[in-house]
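Student: below: sequence and its predicted model.
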Amino acid sequence: MTCEKKHSDEARTCGGGVCRGGIVPLLHEIGRMLSGPEDFCAALDRILGYMHAEMGVRRGMISLHHRESGRIFVHRSIGLTPEEQERGVYHLGEGITGRVVETARPIIVRRIGDEPAFLNRTRSLSGGPDLELSFMCVPILRGSKVLGTISAERLYEDRRFLDRHVDVLMVMSHMLAHAVELYLVEKVDLARWEQRTRLLVDRLKERFHPASIIGASAPMREVYALMRKVSQTRTTVLLLGESGVGKEMIANALHYDGSNPEGPLVKFNCAALPENLVESELFGHEKGAFTGAVQTRKGRFEEADGGTIFLDEVGELSPAMQAKLLRVLQERRFERVGGNQSIPVNIRIIAATNRNLQEMVAQGAFREDLYYRLNVFPIMVPPLRERGSDIVTLAEHFMARYSRETEKNVSTIATSALNMLVQHDWPGNVRELENVVHRAVILTEDDTIHAHDLPLSLQSAMAPDAGAPGGLEARLACVEYEMLVEALRAHRGNTTEAARALGLTRRIMGLRMKRFNLTYRQFRRGEGAPAS
């Protein structure tokens, strides 16, 4: 170190410490600012300014710990860009900052380049000279609660200077503790509760009919009633039903209408990965637990802590994974792969399957004890074919959505097309209906979805004299049937007016109606067209 640099360091630290003549006026000024209204952030900026000007700190951060969410975030800083400050978010135990909050003890890193726990989450270190810097982080304590941290980076040639500066940061943290606690309660907690309230109001406008789910048939009203009763609890829910009935949508509604919609909602399909990867995905793994595990990784259960985890296709889990899932359900704790530390989690579990778990239990393919743990509050989601008028409502909903996406002005579904949709069995349920409507929106050349825009599997049931499926006669018959129905509906069963609109004689109109079993009476009653 040069004589000039050494003299500068000694001048700033008064021979290894911080000049009392400089720190006392600072503390007096900070105390005055904290006692006044709305001066909390100004006081923090004054402290950071002192750290930079008088202590030679290159980068300094004051982070706050929000205990409810577990987030530790940089609130004010010097030497960081807004983007770097935004990235400075930690959780309990993560990096140096997370460990300081977890242990409530200061941590000093003599050389950043030698410390693997230094995560550089802000990405402010660029390597080279930055790796020679020292890093100090002290907790802001209020009784036994850690409210945040003060941290700083600086190049030190003399350990005495580093220790003295840590002492100064500790004095500042004690002075800030009460003000930080008030700020967290009045600002951060209040803002979080206001945001949660707005979210709940939006999500619960219709208590019996969640906005994310379409349908008002009797079977769905029964589902809504069960959802209303269980949504505000932390009870494990088992969603049963065929593939494509909308179990994931119901899981979304249960979470967002629940007691903690702000918490994470983590989804995992138990059949989507090979068995040897499912355990690591769900429970995470420690560094070196297996080949390729180059760093510690959180699993889905850990990511869902404080919120909800949705386990789809839970019936596909292997016996070994069923045993581990049973323990999480019983004790709400687990170990990562390759680890021996028990990790507690506060989560709600929603499971779903399209398989008959009772039969699987009888066959020995599913654990009986796990079945009873999952089956605390079962909800049977009805298939689409049992939902009556919901088919039309859902079709119109998907038509409006895909009209916007494709930038087409499709606003109507022809009566004949609606009849085909209602008559279909829908083995693929809501998912199949969505795909059919999406395709029809793309195919139609005007503002209406016609019968001939639907797949031939739906058209064939409505045209008994159409001939071979997919042939010219089949398509022509569908178009003819649709035009007849539309004309009769428009003229309320008046066959004379309908024939005139189609350019036909009454006799030809009658023959064509007879071919498709159409009569004028049902249109006068407003019933629409029957199935052929």
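Tutor: The structure has been received and is ready for your questions.
Student: immediately after the host helix or strand of Phe310, which helix or strand?
Tutor: For Phe310, the host element (DSSP states H and E) is strand 308-312. The helix or strand immediately downstream of strand 308-312 is helix 319-331, counting by DSSP H and E.
Student: what does that next one contact?
Tutor: By CB atoms under 8 Å, 6 or more residues apart in numbering, the surrounding residues in contact with helix 319-331 are 236, 270, 275, 278-279, 282-283, 301, 311, 314, 317, 333-334, 345, 349, 366-367, 369-370, 373-374. (Glycine included, C-beta is placed from N, CA and C.)
Student: if we go to 6 Å?
Tutor: 278, 334, 367, 370, 373 (CB atoms under 6 Å, 6 or more residues apart in numbering).
Student: also stretch 142-150?
Tutor: Stretch 142-150 is contacted by residues 62-65, 97, 100-101, 104, 137-140, 169, 173, 177, 180-181 when judged by CB under 6 Å, 6+ apart.
Student: Phe516: neighbour count?
Tutor: 19 (other CB atoms under 10 Å).
Student: just checking, it touches Tyr481?
Tutor: Yes. Using CB atoms under 6 Å, Phe516 is in contact with Tyr481, at 5.1 Å.
Student: other SSEs contacting the longest helix along the chain?
Tutor: Of all the segments of type helix in the chain, defined by DSSP state H, the longest one is helix 159-183. Under the contact criterion of 3 or more CB pairs under 6 Å, 6 or more residues apart in numbering; DSSP states H and E, helix 159-183 touches helix 40-54, strand 134-142, strand 145-154.
Student: with distance to Ala440 and mean neighbour count added, can I get these in JSON lines?
Tutor: Putting those into JSON lines (distance: least, CB to CB, whole Å; neighbours: other CB atoms under 10 Å) gives the following:
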{"stretch": "helix 40-54", "distance to Ala440": "56", "mean neighbour count": "19"}
{"stretch": "strand 134-142", "distance to Ala440": "60", "mean neighbour count": "23"}
{"stretch": "strand 145-154", "distance to Ala440": "57", "mean neighbour count": "23"}
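Student: check contacts around the residue nearest the centre of the chain.
Tutor: Centre of the chain computed as the mean C-alpha position; nearest residue by CA atoms, centre = their mean is Leu265, 4.7 Å away. By CB under 6 Å, 6+ apart, Leu265 lies in contact with 255, 307-308.
Student: could I get the phi/psi values of it?
Tutor: Dihedral pair for Leu265: phi -120, psi 110, per degrees, to the nearest 10.
Student: for Glu480, see how far away Glu473 is.
Tutor: From Glu473 over to Glu480 the distance is 10 Å, taken as CB to CB, to the nearest Å.
Student: extract the CA atoms of the helix or strand harbouring Ile96 and return them as PDB.
Tutor: In this assignment (DSSP H and E), Ile96 forms part of helix 95-103. The C-alpha trace of helix 95-103 is given here as PDB (Å, rounded to 0.1, in the frame of the first residue of the first chain):
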ATOM      1  CA  GLY A  95     -26.000 -16.500   1.100                       C
ATOM      2  CA  ILE A  96     -24.300 -14.400   3.600                       C
ATOM      3  CA  THR A  97     -27.300 -12.100   4.100                       C
ATOM      4  CA  GLY A  98     -29.700 -15.000   4.600                       C
ATOM      5  CA  ARG A  99     -27.300 -16.600   7.100                       C
ATOM      6  CA  VAL A 100     -27.000 -13.300   9.100                       C
ATOM      7  CA  VAL A 101     -30.800 -13.100   9.400                       C
ATOM      8  CA  GLU A 102     -31.100 -16.800  10.300                       C
ATOM      9  CA  THR A 103     -28.400 -16.700  13.000                       C
END
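Student: helix or strand next in line after that helix, which one?
Tutor: strand 107-109.
Student: what's that next one in contact with?
Tutor: 96, 100, 115, 135-137.
Student: check Asp158 and give its pLDDT.
Tutor: In this prediction, Asp158 carries a pLDDT score of 81.
Student: for whichever strand or helix holds Leu476, which positions count as buried?
Tutor: Leu476 is part of helix 472-490 when elements are defined by DSSP H and E. Using 16 or more other CB atoms under 10 Å as the test for burial, helix 472-490 gives 474-475, 477-489.
Student: distance from the chain centre to that helix, please.
Tutor: Here helix 472-490 is found 46 Å from its chain centre; the criterion is CA atoms, centre = their mean, to the nearest Å.
Student: put the alpha carbons of that helix into CSV.
Tutor: The C-alpha trace of helix 472-490 is given here as CSV (Å, rounded to 0.1, in the frame of the first residue of the first chain):
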residue,chain,number,x,y,z
LEU,A,472,-68.5,-34.5,-50.8
GLU,A,473,-72.1,-35.7,-50.0
ALA,A,474,-71.4,-35.5,-46.3
ARG,A,475,-70.2,-31.9,-46.5
LEU,A,476,-73.0,-30.8,-48.7
ALA,A,477,-75.6,-32.4,-46.4
CYS,A,478,-74.2,-30.5,-43.4
VAL,A,479,-74.3,-27.2,-45.2
GLU,A,480,-77.9,-27.9,-46.5
TYR,A,481,-79.1,-28.9,-43.0
GLU,A,482,-77.6,-25.7,-41.5
MET,A,483,-79.1,-23.4,-44.0
LEU,A,484,-82.6,-25.0,-43.6
VAL,A,485,-82.4,-24.6,-39.8
GLU,A,486,-81.2,-21.0,-39.9
ALA,A,487,-84.0,-20.0,-42.4
LEU,A,488,-86.7,-21.8,-40.3
ARG,A,489,-85.4,-20.2,-37.1
ALA,A,490,-85.3,-16.8,-38.6
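Student: where in the protein is pLDDT low?
Tutor: 1-22, 36-38, 188-212, 460-471, 474-475, 522, 525-532 (pLDDT under 70).
Student: what ranges does the stretch 401-532 of the chain have for its strands?
Tutor: Ranges of strands in the stretch 401-532 of the chain, per DSSP state E, counting those that start in this stretch, are 412-413, 448-449.
Student: distance check, the residue nearest to Arg524 when sequence neighbours are not counted against Ser416.
Tutor: Nearest residue to Arg524, sequence neighbours excluded (CB to CB, 6 or more residues apart in numbering): Gly493, at 3.9 Å. Per CB to CB, Gly493 is found 16 Å from Ser416.
Student: can you check Leu484 too?
Tutor: Between Leu484 and Ser416 the distance is 9 Å, computed by CB to CB.
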